[in-house]
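Undergrad: coords below, sequence missing:
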């Protein structure tokens, strides 16, 4: 069972996904998390603290769920398959997390502190991606990780805009461009 902070942050991610940044209030999070009124403000005194907590929670989930699967991929085809599965989850079962991430990303355009926090989290994920690409032989794994993240982000955004799809059909659509991108990296082919 998750602790109260985790319940609150997971509720906040749902609020962000459903109502955007304007709808992210302590009261809305209390309701979404199904906790007594005032609980969110007890743990997160300000809206900025709540937003920072959402960023930290997204990174925590990424590190726990997606990174181990990426590390285990032994070749470009396996990595493309793992990334396609991640993309499918981002567009379907974990859609709310992805929408929350995009809400935070758009808000970061105007908020330097939020931008710094998101960039830091993204750098952590990209560094782990670069390590996986280095293991596959990429000669410039940092650039490859940036390109791979951009490719996956674009594919997921397109999938979100197009709307619900059968997960297996979506995986079949995501895997080929990811594999092509991976195999085009110098040293990986």
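TA: That came in fine, so what should we check first? This is a predicted model, so every value here is computed, not measured.

Undergrad: in the host helix or strand of residue 102, what's buried?
TA: Taking DSSP states H and E as the criterion, residue 102 maps to helix 95-108. Neighbour-count burial for helix 95-108, with 16 or more other CB atoms under 10 Å as criterion, is recorded at 95, 97-104, 107-108. Every residue, glycine included, has its C-beta placed from N, CA and C.

Undergrad: Output these as CSV; include the columns distance to residue 141.
TA: Output for these, formatted as CSV (distance: CB to CB, whole Å):
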residue, distance to residue 141
95, 30
97, 26
98, 25
99, 30
100, 29
101, 23
102, 26
103, 30
104, 26
107, 30
108, 25
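
Undergrad: Mind putting the residues you listed into TSV with distance to residue 179 and pLDDT?
TA: Listed next are these as TSV, based on distance: CB to CB, whole Å; pLDDT from 0 to 100:
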residue	distance to residue 179	pLDDT
95	24	96
97	24	97
98	22	97
99	26	97
100	28	98
101	24	97
102	25	97
103	30	97
104	29	98
107	33	97
108	31	98
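
Undergrad: Spatially, what comes nearest to residue 189 if we skip its sequence neighbours?
TA: Leaving aside its chain neighbours, residue 189 sits nearest to residue 183 (5.1 Å; criterion: CB to CB, 6 or more residues apart in numbering).

Undergrad: distance of that neighbour from residue 131?
TA: Distance check for residue 183 against residue 131: by CB to CB, to the nearest Å, it reads 19 Å.

Undergrad: Which parts of this protein are strands?
TA: Using DSSP state E, the chain contains no strands.

Undergrad: At which residues are the helices of it located?
TA: All helices of the chain, identified by DSSP state H, fall at 4-19, 26-33, 39-43, 47-61, 67-72, 76-91, 95-108, 112-135, 141-162, 167-183.

Undergrad: Now tabulate those helices in JSON lines and tack on distance to residue 189.
TA: Shown next, in JSON lines, are the helices of the chain (distance: least, CB to CB, whole Å):
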{"stretch": "helix 4-19", "distance to residue 189": "38"}
{"stretch": "helix 26-33", "distance to residue 189": "46"}
{"stretch": "helix 39-43", "distance to residue 189": "49"}
{"stretch": "helix 47-61", "distance to residue 189": "31"}
{"stretch": "helix 67-72", "distance to residue 189": "19"}
{"stretch": "helix 76-91", "distance to residue 189": "8"}
{"stretch": "helix 95-108", "distance to residue 189": "30"}
{"stretch": "helix 112-135", "distance to residue 189": "12"}
{"stretch": "helix 141-162", "distance to residue 189": "12"}
{"stretch": "helix 167-183", "distance to residue 189": "5"}
